[in-house]
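S.K.: missing the sequence, but the structure's below:
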């Protein structure tokens, strides 16, 4: 009898240990998602406004608003893959824009009026001067975005702009 009770007790301990490990893994994944994953785009992969509050940056450190021509691209476009010029892995929640690094330095935060905050982590062969290309996960949403004028401002990663 004692042996049977000990086996049952060990079984209960093993179950509790497994549950504790699963809960710990879940909490770790949740923590990583909340802290590391940037604000998400909508589930269809389109581009929508995301309100991002950042109390560490003052408005005076940003450039003035400037008009740019914007298009959208996906990781499935010709010549593209799942990694940006700065080695960021593209996923549905990526808030990345391709820029001309002679105009907007790579690693800069870029605010697109009406669409929210993005990060200048990519370049493109056709992206020169006052043009940007907004990463979009969904091909149909990228096509629907088309080509349009947008107002943007940016804050350089080194805050020298």
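M.R.: It's in. These numbers were taken from a predicted model, which means no experiment stands behind them.
S.K.: next up, phi/psi of residue 107, please.
M.R.: Reported as degrees, to the nearest 10, the phi and psi values for residue 107 are phi 80, psi 0.
S.K.: same check on the one 10 residues further on?
M.R.: With angles defined as degrees, to the nearest 10, residue 117 shows backbone torsions of phi -100, psi 130.
S.K.: pairing partners for it in the sheet, please.
M.R.: Counting by DSSP bridges, residue 117 is bridged to residue 111.
S.K.: hey, what's the residue lying closest to residue 147 once chain neighbours are set aside bridged with?
M.R.: Spatial nearest neighbour of residue 147, chain neighbours left out: residue 71 (5.1 Å); criterion: CB to CB, 6 or more residues apart in numbering. For every residue, glycine as well, the C-beta is placed using N, CA and C. Using DSSP bridges, the beta-bridge partners of residue 71 come out as residue 133.
S.K.: strands of this structure, residue ranges please.
M.R.: The residue ranges that make up the strands of the chain, judged by DSSP state E, are 66-73, 96-98, 109-112, 116-122, 131-135, 148-155.
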